[in-house]
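J.: this is a predicted model, with the sequence first.
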Amino acid sequence: MLTRLVQSEGIWLFTRSPAAMLAAVVTIVIVTGALFAPWIAPTDPYDLSSFSLIDGLLPPAWEEGADPRFLLGTDDQGRDLLSSILYGARLSLGIAAVAMAVALVLGVSLGLAAGYLGGRFDAVVMRIADVQLALPAILTALLIDGISRGILPAALHDDLRLAVITLAIALSLWVNFARTARASVFVERNKDYVSAAIMMGQHPVRIMLRHILPNIVGPLLVIATVDLASAILLEATLSFLGVGLPADSPSLGTLIRIGMQYLLSGEWWILWIPTVFLVVLVVAINLLGDFLRDLFNPSLR
Amino acid sequence: MARFILKRLVQSIFVMLAVAFLAFSLFRFVGDPISQMTGVETSVEDQERLREELGLNDPFVVQFIRFTGDILRGDFGYSFRTREPIDAMLLTRLPATLELGTVALMISLVAGIPAGVYTALRPRGIFSQSILIGTLIGVSIPTFVIGILLIFLFGVQLGWLPTYGRGGTVEIGWWRSSFLTVEGWRSLVLPALTLGLFQLTLTMRLVRAQMMEVMRTDHIRFAIARGVPWRSIRYRHALANTMIPVITIIGLQFGGVIAFSIVTESVFQWPGMGLLFLESIRFVDIPVMSVYLVVIAFFFVLINLLVDLLYFAIDPRLRVRESA
């Protein structure tokens, strides 16, 4: 009943916030495009036979000398840029979503346990969290990537690139979830319904997951949204720095990295279209995050 | 006071020991140092002899103590990649990063604090609203995109400023500075702006939140009730209390500046420590990675220690609590 109340109020507020509505539409369009990229995209950028050098460096359709087959133009290899972006967004969003989910599960479990159990466990988890919070996410992610390169043989590392990047991002984002979950548990723990559950002799795990967790979903949802945006940025940055995904399966960051080579030439679209796409996506998700934060924090309204 | 400093000092030493341990484990267990140093043609006997000579067969604790001792004496060992001593590599690159970081931090504070105060005092004004929307976009634009934008605008289109390297530098001892030549300053503008803009949005948001909170506290309400002029309430009573957390912000931002200098230095080919770290990751140069970790941690701990002491000096409440 409570969720229904929040939902209906949320929808009412949502219809009154043009920024949130626009952000939602943009996000849905991009996510749909990324999800269905293999069916929507005009060509398959991973299929070497689907493009040819003859079509190289064609400008977007609205420019002079364009080919109508390529709506956003082509890169130097003759790859359709629209297809590259859709597939790139698919990779970027996929990595970010999985990393965020791993960070969520890890962070919330540790945070719940730390908050509920307290004592030494809490102290250890929070010290680790403090150290990690002092180290900015990008540094953590770079370190994890570097360590994995040292541990794994080169060939294996290339195969596991996707997993390594995802893990590196997840491990640099879990702290926010843990801290939020822990702080919320501290508030909830002393409430009557938890005391009642304890007195009924329920198992601590059940109390944490069945009773406390549903009551702290709000703040966690806000963190999840904001962290999804951070994860996308982090992946893009790693790929841009050349320690992310390889050039044969380009994510949005890799596309921008490739596009940098055309900064000085006339082929502006190769750099700027993926860049604008990335920024629009992240701004939209952050706007949604801001909306959710206001929604779950009535004192700010 | 002395007890407080001593306590923080001991804590800091423990943190540094933990980091040194992490760096040592990284160095010792991530990949085999011997196989990094030798080629395929080295015989197994030679490898074993080298292992013995370098003390890699000694007990773990002995090796760790030796490692810590070397670091304390400033002997950071050699890079796997360039075979150069790491301390020399760091010394040539440290000034570049510190100068870049300092200027970026200045930009962030000089522009961020007034903007934060302004938007807190006039939350509904059009100007405030547009600044806030600007910061939302600001945190959404990755640092490297800001860098590309600035390069494109001021470097390529307008051709006003150089877009890579440090330009003219002057050597004062081992410290290579860009502060003393016009060309050096010109080269500094774009990277420092790139690095500073992101921090600026953070400074602004934090100052704004803090200021708004202070304006709601009882002593401000009481001052309003007493009829203290608005000017005095805002800029004497409220601002003074806002400034205490701002010191923490500076401490926190230092970490951000160091981390994002990796990105900025990569975009602008700025020959600093971030670029060195990035190269060491690409080439799995473990010794450089672990030394970078130790050096950065040292700066973190140092700044945090200074922030704590400054806190103590500024906030009278802490001193009262301590003596009570």
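T.: Cool, got the structure. Numbers count the residues shown, from 1 in each chain, chains lettered A, B, ... in the order given.
J.: which residues are in contact with stretch A:207-219?
T.: For stretch A:207-219, the external contacting residues (Cβ atoms under 8 Å, 6 or more residues apart in numbering or on different chains) are A:6, A:108, A:112-113, A:116, A:180-181, A:184-185, A:188-189, A:193-194, A:197-198, A:202, A:295-296. Where C-beta positions appear, they are placed from N, C-alpha and C, glycine not excepted.
J.: tell me the buried residues within these.
T.: Neighbour-count burial (16 or more other Cβ atoms under 10 Å in any protein chain shown) applied to the contacts of stretch A:207-219 gives A:108, A:112-113, A:116, A:180-181, A:184-185, A:188-189, A:194, A:197, A:295-296.
J.: and these as TSV, adding pLDDT, secondary structure and distance to chain B?
T.: Converted to TSV, the buried ones among the contacts of stretch A:207-219 look like this (pLDDT from 0 to 100; DSSP: H, G, I helix; E, B strand; the rest coil; distance: Cβ to the nearest Cβ, whole Å):
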residue	pLDDT	secondary structure	distance to chain B
A:108	90	helix	24
A:112	87	helix	26
A:113	88	helix	23
A:116	81	helix	27
A:180	86	helix	17
A:181	87	helix	22
A:184	82	helix	20
A:185	83	helix	24
A:188	82	helix	24
A:189	80	helix	26
A:194	81	helix	29
A:197	83	helix	35
A:295	77	helix	16
A:296	75	helix	17
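J.: which one of these sits closest to residue A:135?
T.: Using Cβ to Cβ, residue A:180 comes nearest to residue A:135 of the buried ones among the contacts of stretch A:207-219, at 18.7 Å.
J.: ok, that closest one - contacts?
T.: Residues touching residue A:180, when contacts are defined by Cβ under 8 Å, 6+ apart, comprise A:111, A:216, A:219-220, A:223.
J.: do residue A:178 as well
T.: Taking Cβ under 8 Å, 6+ apart as the contact definition, residue A:178 lies against A:106-108, A:110-111, A:114, A:125, A:129.
J.: do the same with residue A:124
T.: With contact taken as Cβ under 8 Å, 6+ apart, residue A:124 is in contact with no other residue.
J.: list the buried residues for the host helix or strand of it?
T.: Of the helices and strands defined by DSSP states H and E, residue A:124 is found in helix A:119-134. Buried residues in helix A:119-134, counted by 16+ other Cβ under 10 Å: A:122, A:125-126, A:129, A:131-132, A:134.
J.: between the residues you listed, which is nearest residue B:11?
T.: The nearest one, if we look at the buried residues of helix A:119-134 relative to residue B:11 and count by Cβ to Cβ, is residue A:131, at 12.4 Å.
J.: tell me the contacts of the closest one?
T.: When the contact criterion is Cβ under 8 Å, 6+ apart, the partners of residue A:131 are B:15, B:18.
J.: what does the stretch 101-250 of chain B put close to chain A?
T.: By Cβ under 8 Å from any Cβ of the partner chain, the residues of the stretch 101-250 of chain B that approach chain A are B:136-137, B:139-145, B:148, B:151-152, B:156.
J.: where does the prediction get shaky in the stretch 51-200 of chain A?
T.: Applying pLDDT under 70 to the predicted model, the residue ranges of the stretch 51-200 of chain A that meet it are A:51-58, A:61-63, A:65-72, A:78, A:134, A:154.
J.: now do 80
T.: Counting by pLDDT under 80, the stretch 51-200 of chain A contains low-confidence ranges at A:51-81, A:118, A:130-137, A:149-160.
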